[in-house]
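> Pasting the sequence and the predicted model now:
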Number of protein chains: 2
Amino acid sequence: MRNTLRAAALSALLVSSAVLAQPDETAWDITADLSTEVGARPAGSTAEAKARDWAVQRLNALGFQNVRIEPFTVTGFVRGAETAQLTAPYPHKLHITALGYSVPTPKGGLNAELVYFPNLDALKAAPEGSLKGKVAFVDHAFVASQDGAGYGPFGNVRRQGPSIAASKGAAAIVIRSVGTDLHRNPHTGATNFADPAKAIPAGAVSVPDAMLIARIAKTGKPMKINLVLEGRPQKDMPSGNVIGELPGRDPSLPPILVACHLDSWDLGTGVIDDAAGCGIVTAAALRAQRGGKPLRTIRVLWAGSEEIGVFGGAAYARAHEKEPHALAMESDFGADRVWRVQFNLSAANKPAKDRIITALAPFGIVPGGDRAGGGADVGAIIGVQKLAVIDLDQDGTRYFDLHHTPDDTLDKVDPAQLEQNVAVWTAVLEVVANEPGPLAPAE
Amino acid sequence: MRNTLRAAALSALLVSSAVLAQPDETAWDITADLSTEVGARPAGSTAEAKARDWAVQRLNALGFQNVRIEPFTVTGFVRGAETAQLTAPYPHKLHITALGYSVPTPKGGLNAELVYFPNLDALKAAPEGSLKGKVAFVDHAFVASQDGAGYGPFGNVRRQGPSIAASKGAAAIVIRSVGTDLHRNPHTGATNFADPAKAIPAGAVSVPDAMLIARIAKTGKPMKINLVLEGRPQKDMPSGNVIGELPGRDPSLPPILVACHLDSWDLGTGVIDDAAGCGIVTAAALRAQRGGKPLRTIRVLWAGSEEIGVFGGAAYARAHEKEPHALAMESDFGADRVWRVQFNLSAANKPAKDRIITALAPFGIVPGGDRAGGGADVGAIIGVQKLAVIDLDQDGTRYFDLHHTPDDTLDKVDPAQLEQNVAVWTAVLEVVANEPGPLAPAE
């Protein structure tokens, strides 16, 4: 008994001395090491499996407890060769990438007329069958904003466009990348076919390539494209969530759940999407121990297979739906500074909310309303359990310059802004993890 | 005679009404149309030949006279497949492009140890034979500046590095792109082998890839690379210069020579390097007619095959060395604003120089010394004839973000800055093309 107590005290001391040094490098190290030692880790891949092992090792080394992998299987997407050439009226190599769940072009590639649509509504208005044997090109006008507002509506070009083009008889679809940069890097991302049996090849060209196509379309000259997209869906790929905990003083209280996702798209090294998120929530969970062990357990969820259908979030909700949670939060919008806090907290939780607003004011963070949603990976458990939520909104001005592109690399992280995230998350966790009463959403 | 005079008067009127509208769209149209209708036009390629025809047609349409192609042949570089993978200690896809005059890797690619050198001096210090069977990686620290000063010294990694690595027995060389951006776009560019018979495969990875390699090198873990570079030099490719003139009132006076280059690297569409330069000098030559025909002829040179050895400039000097020139200028540093003027003018030309300084002051342009060099394509004729030179230095802060990359596309041109270039060039041409006395360099 005595030895056990001494070991526990020593362990507490070690954890606390490890986290007292402030600012620490934990978030940076997770972000840098995961993206360097594992790199790209697409859903279902062997690299994602390696990332899970990496995560278990790192969380254990950082002093997390009950660290485990919760496996599940997914239908993933395996990338193949991908090239495109405008062949008429002017020859141009196009920088293209397949969208997740695209199906392959015929052997030798597809040679077809390319039909320009300035936006998704124009595609929707195309008569049935009018695209038979043709490739639809869908443009849009997504521009950068602090809160990433354009990603919802303009992202539908990617999410819905392929299914709509298929329903009009198109042989394939090419979209303007759902991105806000001017680099020759296409943005990938999953699409959804209403009827997967009728899926067509679907790719995104870089924004400068899309601007070239739009410029040529304006001349009225017929356009032709040669398209090779060899990627395809693959069933029954192994994936999994990684979970770890920092136990609170009162194990009977429901835990605080903080999430990020471990998988990444394959084009970059998965830094801003979302190694940084894992770095932030994990470092903050640790730093929230600096004043002593909080009342509540903090559980970190590094979700798998977010990018191709939020499978990790769904698996987590299935596995843990009977287990009460106090509140859920997620970091999955890059590594730039938190500028706004949003809540979904009951009127009874107003004192906690006010303490958070006060704690965040020195960071210049504004309270922005009561529309906190949590994020993709905690969405399912929030929906099932009607959980309290706090969103720490990051500056997304440059997020969609990098999102799902080869440019998602470590050099894009500003260490000072990453540290601001950790400090802000810590301040919030210190309030909510020490809240003795029930935490509940507004309705 | 009367009809001829009337035709000439009408023609003059047409030219003058066409150029009186200010600002006109000539520079933009050349830049946009050449990069859209021809696109990439590497030295010696059929695309470059198409660009020459395009240039002849456009210069004739704009009212230039004596428009002609002066052909020559070059040893060019034909790109092939190019891929690279870091295979140890961590697998990473690298974004690579071959340097011009690289030779191919063996069939099936090269698998070898990758040896990190932080800079060119470190490579120079490697013992003879120490790189046998290995691939040298050479890093550097090129950062952006207004005058592009770093391109000289850091560019030697590309220009000299491959030859040095070959002399140490290296199987191949990979360099950090000579660029200042953080995108996964490698920068190509020609290299020079002291002994072409001993050329080795030579490629450049993007800056984020180079940073990854540097980060891994610091761990001390051995690195391995799989390298496929299939591009190769090709002899006897057709190239040529395109020349056009706006005759002056006194055909006995030597002409003002204004140059740009017509060829481009193959990765982008050759906009800032150098369609914009052709747009600027051509539009300014036309606009300098607005007050009536200047005293001197203005000759525009759209040089071929600049990128792989300034062959067009050399061919021009050979073809025209017996023909007097008054002064030479060149635009080949993008489309951003002119911020400085430099001269190489004799003391006797001080009045002209002062008039130019006065004319440029309203644009915020500073006189920056007397070290004008002209530029690559006019370098040979300046050297042979000891010509007067004026440099209109453009803001190069973002030039090496784009230079020789896929990102050299039309969207990078700011129309307002392009117009500033035309206005500034026009102001200078109006002085020098109306200068009755001899123009001569300082020494």
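That came in fine, so what should we check first?

> Which segments of chain A make up each domain?
Following automatic domain parsing, one finds the domains of chain A at A:17-77+A:235-432, A:80-230.

> And the helices in the stretch 51-200 of chain A, which stretches?
Using DSSP state H, counting those that start in this stretch, the helices of the stretch 51-200 of chain A run over A:120-124, A:151-159, A:161-167.

> contacts for the first one?
Outside helix A:120-124, the residues that touch it by CB atoms under 8 Å, 6 or more residues apart in numbering or on different chains are A:117, A:136, A:138, A:140, A:156-157, A:160-161, A:164-165, A:168. (C-beta placed from N, C-alpha, C; glycine too.)

> how about that helix as CSV, C-alpha atoms only?
C-alpha atoms of helix A:120-124 as CSV (Å, rounded to 0.1, in the frame of the first residue of the first chain):
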residue,chain,number,x,y,z
LEU,A,120,-23.2,23.9,-59.4
ASP,A,121,-26.6,25.4,-60.2
ALA,A,122,-25.7,25.5,-63.9
LEU,A,123,-24.8,21.8,-63.7
LYS,A,124,-28.1,21.0,-62.0
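
> Report the mean confidence score over that helix.
The average pLDDT for helix A:120-124 rounds to 98.

> Tell me the secondary structure at the residue nearest to A:Ala55 when sequence neighbours are not counted.
Nearest-residue entry for A:Ala55: A:Val242, 4.2 Å, with adjacent residues in sequence omitted and distances by CB to CB, 6 or more residues apart in numbering or on different chains. On the three-state scheme (DSSP: H, G, I helix; E, B strand; the rest coil), A:Val242 is labelled strand.

> can you pull the contacts of A:Val242?
If a contact means CB under 8 Å, 6+ apart, then A:Val242 has A:52, A:55-56, A:59, A:67-70, A:262, A:301-302, A:304 as its contacts.

> hang on, the earlier thing: got CSV for the domains of chain A, with distance to B:Gly437 too?
CSV is the format used below for those (distance: least, CB to CB, whole Å):
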stretch, distance to B:Gly437
domain A:17-77+A:235-432, 54
domain A:80-230, 46
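
> Deepest-packed of these, please.
The highest average neighbour count among these, using mean count of other CB atoms under 10 Å in any protein chain shown, belongs to domain A:17-77+A:235-432 at a mean of 21.

> And the average pLDDT for that one is what?
Average pLDDT, domain A:17-77+A:235-432: 96.

> Measure how far it is from the centre of its chain, please.
On the basis of CA atoms, centre = their mean, to the nearest Å, domain A:17-77+A:235-432 sits 10 Å off its chain's mean C-alpha point.

> next one: stretch A:63-83
In terms of CA atoms, centre = their mean, the centre of stretch A:63-83 is found 13 Å from the chain centre.

> now do stretch A:163-174
27 Å.

> Pull up the residues of the stretch 1-150 of chain A that are close to chain B.
For the stretch 1-150 of chain A, the residues in contact with chain B (CB under 8 Å from any CB of the partner chain) are A:32, A:36-40, A:47, A:90-93, A:95.

> what's the most distant pair in those?
A:Glu37 and A:Tyr90 (44.2 Å; CB to CB).

> Helices along the stretch 251-400 of chain A, start to end?
Along the stretch 251-400 of chain A, the segments classed as helices by DSSP H, counting those that start in this stretch run A:276-287, A:311-320, A:350-360, A:376-385, A:399-402.

> Can I get those in JSON lines including distance to A:Ala217?
Below are these laid out as JSON lines (distance: least, CB to CB, whole Å):
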{"stretch": "helix A:276-287", "distance to A:Ala217": "38"}
{"stretch": "helix A:311-320", "distance to A:Ala217": "38"}
{"stretch": "helix A:350-360", "distance to A:Ala217": "48"}
{"stretch": "helix A:376-385", "distance to A:Ala217": "35"}
{"stretch": "helix A:399-402", "distance to A:Ala217": "24"}
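
> closest to B:Pro222 out of those helices?
Nearest of the helices of the stretch 251-400 of chain A (CB to CB): helix A:276-287, 27.6 Å.

> So that closest one, near chain B or not?
No: Helix A:276-287 lies out of reach of chain B by CB under 8 Å from any CB, never closer than 15.3 Å.

> Which elements pack onto that helix?
Contacts defined by 3 or more CB pairs under 8 Å, 6 or more residues apart in numbering or on different chains; DSSP states H and E place helix A:276-287 against helix A:2-20, helix A:26-33, strand A:256-261, strand A:298-303, strand A:327-330, helix A:415-432.

> Measure how that helix sits relative to strand A:298-303, angle-wise.
160 degrees (axes from the mean of the first three to the mean of the last three CA atoms, to 10 degrees).

> Which of the helices of the stretch 51-200 of chain A sits closest to A:His403?
A:His403 lies closest, by CB to CB, to one member of the helices of the stretch 51-200 of chain A: helix A:151-159, at 8.3 Å.
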